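Asker: Predicted model follows, preceded by the sequence.
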Amino acid sequence: MANEITVPLLPCPSIDEIADFYTMLGFTRTYYQVRPNPFVALQREDLRLGFFGIPGFNPEDSYGSCSVIVSDTGKLFEAFAAGMRRTHGKLLVSGIPRMTRPRKRKNDGNHSGFAVIDPGGNWIRFSAAQPEPEEEAGGKLTATLHKAVVMGDSHGKHVRAAQILDAALERDKDTATAAELLEALAYRAELALRAEDPAAAGDALGRARALALSEADRDRLAGTLEALADVEAVLRPGT
């Protein structure tokens, strides 16, 4: 057989809150019922998700998750981010709901991936169908950053990821390139926001903005610089 379709069914405390969240991301509500059991179905192109409501359900206790293989994680992320910015004026990078940025995952064969953590606490994990091209080998800081991304984005252990990255930033502050430091500090700022530590986020942001980058670095790291702008939008709303 071929052309089968699998639709994950995931828990949430409120199907209306879930529907509003995914509508913001460009989904359309295709089915809705309150009785006998709350249920909503949502679709964006070929991506289909179903949610059932559980009164009193705590999103922080959710084990709900699914993997979605897509052709272009960057394009899909930007579409979702645009919806968040229209609705909230910023990217949701901390708390529930939130979204991580596309990054190459060492634990996924160098495929780019990002996650949407929705109001039900469900992790919708998006992964690229093809691995990222091999890049020139980076220094020790880059290697540690890849480990921190696995810990923070794949496993959701942002405090431990921050500890790993802090040790590496101190160790390599005088030997890493400006580009390596920028990527590490941008991620450190995001981890600080997830830990509700705006002071640490502001410190990492300030250190990143003080780096002297070449024009070539700025072009290559446009996505990382955008990540810094998203951190600024959270720390300095309305500016």
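Answerer: Yep, that arrived.

Asker: Any regions of this protein where pLDDT drops low?
Answerer: 133-137, 238-239 (pLDDT under 70).

Asker: Can you name every helix or strand that the single longest strand found in the chain contacts?
Answerer: Counting residues, the longest strand found in the chain (DSSP state E) is strand 123-131. For strand 123-131, the elements it packs on are strand 65-70, helix 73-88, strand 111-117, judged by 3 or more CB pairs under 8 Å, 6 or more residues apart in numbering; DSSP states H and E. For the C-beta atoms, the positions are set from N, CA and C on the backbone; glycine is no exception.

Asker: Tell me the buried residues in the second one?
Answerer: Applying a neighbour-count criterion of 16 or more other CB atoms under 10 Å, the buried positions in helix 73-88 are Thr73, Leu76, Phe77, Phe80, Ala81, Gly83, Met84.

Asker: from those, which is closest to Ala195?
Answerer: Nearest to Ala195, judged by CB to CB, of the buried residues of helix 73-88 is Met84 at 20.3 Å.

Asker: OK, contacts around the closest one?
Answerer: Met24, Leu25, Lys90, Leu91, Leu92, Met99 (CB atoms under 8 Å, 6 or more residues apart in numbering).

Asker: Let me know whether Ala195 touches His158 as I believe.
Answerer: Yes: counting by CB atoms under 8 Å, His158 is a contact partner of Ala195 at 5.7 Å.

Asker: ok, so what distance separates Ala195 from Arg160?
Answerer: Between Ala195 and Arg160 the computed distance is 10 Å (CB to CB, to the nearest Å).

Asker: What of Ser154?
Answerer: On the measure of CB to CB, Ser154 and Arg160 end up 12 Å apart.

Asker: Look at the two and report which has more neighbours.
Answerer: Ranked by neighbour count (other CB atoms under 10 Å), Ser154 and Arg160 place Ser154 first, with 19 against 14.

Asker: Just send the helices and strands packed on strand 123-131 back as TSV, with distance to Thr177 too.
Answerer: Below are the helices and strands packed on strand 123-131 laid out as TSV (distance: least, CB to CB, whole Å):
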stretch	distance to Thr177
strand 65-70	31
helix 73-88	23
strand 111-117	22
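
Asker: nearest residue to Glu60 other than its sequence neighbours?
Answerer: Leaving aside its sequence neighbours, Glu60 sits nearest to Gly121 (CB to CB, 6 or more residues apart in numbering; 6.0 Å).

Asker: Now do the SS call for that neighbour.
Answerer: coil (DSSP: H, G, I helix; E, B strand; the rest coil).

Asker: Tabulate the CA atom coordinates of the longest strand of the chain in PDB.
Answerer: C-alpha atoms of strand 123-131 as PDB (Å, rounded to 0.1, in the frame of the first residue of the first chain):
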ATOM      1  CA  TRP A 123       6.600  18.800  21.100                       C
ATOM      2  CA  ILE A 124       6.100  18.900  17.400                       C
ATOM      3  CA  ARG A 125       9.600  18.100  16.100                       C
ATOM      4  CA  PHE A 126      10.400  19.200  12.500                       C
ATOM      5  CA  SER A 127      13.400  17.700  10.800                       C
ATOM      6  CA  ALA A 128      14.800  18.200   7.300                       C
ATOM      7  CA  ALA A 129      14.600  15.300   4.900                       C
ATOM      8  CA  GLN A 130      18.200  15.800   3.800                       C
ATOM      9  CA  PRO A 131      21.200  16.400   6.000                       C
END
